[in-house]
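> Give me coordinates for this.
(one chain, ligands or ions: 1)
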Amino acid sequence: MTRVLVRNPHSGDRKRSLRAKELAEKRGFDVRNSTAPGETLTLAREAAEEGAAAVVACGGDGTLNEVVRGVDEADGLGRTTLGVVPAGTGNDFADNVGIRSVEHAFKVLDSGRERRLDMGMVRTSSGRTDVDERPRPFLNSCVCGLTAEASTRTRPDLKKRLGVVAYVLSTMQHSRGFEGLQLDVRAGENRDPVWQGEAVMLLVGNGRRFPGEARRQANMEDGLLNVVIIEDVPAIDYLSKGAADKLLRRGASHLTRVKVPHLVVDASKPRQFSLDGEMVERRHLEADARQGAMRFAVGESYQPTPEETRADR
Ligand SMILES: Nc1ncnc2c1ncn2[C@@H]1O[C@H](COP(=O)(O)OP(=O)(O)OP(=O)(O)O)[C@@H](O)[C@H]1O
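A predicted model of the protein is given here:
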């Protein structure tokens with residue numbers, strides 16, 4: 001059975017990616033290298049269409065997202081094992097499924113251990129009713145409130161520590177007139193109201209939790225999205241060490257947290273949403289947790305039901 005490694009040769013420091021190529025070839029993987037942005041999606045789609053038993057992303061979270069999209073476009077999620085070799089700068093998802101290094105990733109793939117994991121799925125549109133695009137997966141998070149400008153200004157150390165939240169903190173620090181998000185957030189089949197008003201940030205997590213929570217890894221098998229809405233910015237220094245923890249402090253009056261299978265978000269005008277780091281500007285967004293949609297190769301330390309502390313509930 002063919003195992004395909006879809007490799008972004010430009011991710012991370014490139015060295016780990018080269019090491020991965022070497023290990024993959026030794027093990028008989030069919031290694032396919034991308035030559036341009038976006039090509040990992042096409043390579044993954046083709047591999048799944050050809051009936052590959054496993055399609056493995058070699059790169060960071062951006063590459064993994066494209067690979068999963070490609071397999072999904074080939075309607076191959078049910079029959080293809082997905083995997084990841086962490087060779088990017090940010091390897092959040094690999095961390096969350098217990099994959100510790102390039103070498104370890106191949107051991108995991110050889111072990112055959114896999115779990116059915118939830119996948120976040122998003123449909124967006126520019127209007128209120130015309131949901132007009134093919135849904136797109138996200139594995140880690142979907143975040144609203146970011147600007148592309150902020151991502152270029154964000155300090156690398158902050159990015160490393162806080163991930164996507166760093167972009168938001170940076171936005172708020174840098175732009176004096178940060179424009180709040182006028183949002184109407186609803187959940188479930190009946191679109192029950194969850195929250196309405198002016199928010200500074202909306203975070204929707206599939207594979208991960210956000211700062212302020214006891215654990216990083218979320219439950220990826222419960223069919224639920226972790227939603228956090230932050231309203232009104234308290235007077236704090238956004239770039240200080242504890243800023244994210246203060247913002248996301250449990251029980252804080254400016255926070256709303258819910259776990260739902262389906263979420264509907266309407267903004268008063270088009271806003272930036274980041275899907276695993278890729279930006280789209282839209283007014284309307286619907287997010288679903290597709291329970292057990294992915295067959296994913298996981299490490300031995302992966303916990304199907306990460307124990308929740310009282311503070312997580
Ligand atoms: N051959 C290529 N040349 C240039 N860009 C590429 C190539 N292949 C893929 N890409 C782009 O690289 C981006 C993904 O990068 P990836 O996530 O793997 O690495 P990274 O930037 O090092 O890590 P991270 O995103 O986790 O910080 C995607 O936007 C993808 O389209």
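
> what's around the residue in the chain positioned nearest to the ligand, how many residues?
Closest to the ligand within the chain is residue 60: 2.2 Å, counting by C-beta to the nearest ligand atom. From N, CA and C alone the C-beta is placed, and that goes for glycine too. Each residue near residue 60 was counted by other C-beta atoms under 10 Å, and the total is 24.

> That one and residue 93 touch, don't they?
No. Counting by C-beta atoms under 8 Å, residue 93 is not a contact partner of residue 60; they are 9.2 Å apart.

> Need the residues touching each of those two.
When C-beta atoms under 8 Å, 6 or more residues apart in numbering defines a contact, no residue borders residue 60 and residue 93 alike.

> What residues sit buried inside the helix or strand harbouring residue 107?
Here residue 107, judged by DSSP states H and E, is contained in helix 102-111. Neighbour-count burial for helix 102-111 flags 102, 104, 105, 106, 108, 109 (criterion: 16 or more other C-beta atoms under 10 Å).

> if I look at residue 54, how far off is residue 126?
Residue 54 sits at a distance of 37 Å from residue 126 (criterion: C-beta to C-beta, to the nearest Å).

> Tell me which of those two has more neighbours.
Neighbour count, other C-beta under 10 Å: between residue 54 and residue 126, residue 54 has more, with 20 against 13.

> mind listing what that one touches?
Residue 54 neighbours (C-beta under 8 Å, 6+ apart): 1, 2, 3, 4, 80, 81, 82, 83, 109, 297.

> Distance from the chain centre to stretch 21-33, please.
Its chain's C-alpha centre and that of stretch 21-33 lie 26 Å apart, by C-alpha atoms, centre = their mean, to the nearest Å.

> burial of residue 272, as a residue count?
Per other C-beta under 10 Å, the neighbour tally for residue 272 reads 21.

> Kindly apply the preceding question to residue 92 instead.
A count of neighbours around residue 92, defined by other C-beta under 10 Å, yields 22.

> Show me which positions of stretch 91-100 end up buried.
91, 92, 93, 94, 95, 96, 97, 98, 99.

> Okay, and which of the residues you listed map to helices?
Cross-referencing the buried residues of stretch 91-100 against helices under DSSP state H gives 92, 93, 94, 95, 96.

> rewinding a little: out of the buried residues of stretch 91-100, which is nearest to residue 136?
Nearest to residue 136 among these is residue 93, at 15.6 Å by C-beta to C-beta.

> so what's the backbone phi/psi at the spatially closest residue to the closest one that is not a sequence neighbour?
Nearest residue to residue 93, sequence neighbours excluded (C-beta to C-beta, 6 or more residues apart in numbering): residue 139, at 5.0 Å. Dihedral pair for residue 139: phi -100, psi -40, per degrees, to the nearest 10.

> Please name the residues that touch residue 139.
Residue 139 makes contacts with 61, 64, 65, 68, 93, 119, 120, 206, 207, 276, as judged by C-beta under 8 Å, 6+ apart.

> Could I have the CA atoms of the helix or strand hosting residue 203 written out in PDB?
Using DSSP H and E, residue 203 sits in strand 192-205. What follows is strand 192-205, C-alpha atoms only, in PDB (Å, rounded to 0.1, in the frame of the first residue of the first chain):
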ATOM      1  CA  ASP A 192     -29.800  29.800  19.500                       C
ATOM      2  CA  PRO A 193     -28.300  33.100  20.500                       C
ATOM      3  CA  VAL A 194     -25.000  32.800  22.300                       C
ATOM      4  CA  TRP A 195     -23.600  36.300  22.400                       C
ATOM      5  CA  GLN A 196     -24.200  39.600  20.700                       C
ATOM      6  CA  GLY A 197     -22.200  42.900  20.900                       C
ATOM      7  CA  GLU A 198     -18.800  44.300  20.400                       C
ATOM      8  CA  ALA A 199     -16.000  41.800  20.800                       C
ATOM      9  CA  VAL A 200     -12.300  42.200  20.600                       C
ATOM     10  CA  MET A 201     -11.600  38.600  19.700                       C
ATOM     11  CA  LEU A 202     -13.400  35.400  18.800                       C
ATOM     12  CA  LEU A 203     -11.500  32.200  19.100                       C
ATOM     13  CA  VAL A 204     -12.800  28.800  17.900                       C
ATOM     14  CA  GLY A 205     -10.600  25.900  18.700                       C
END
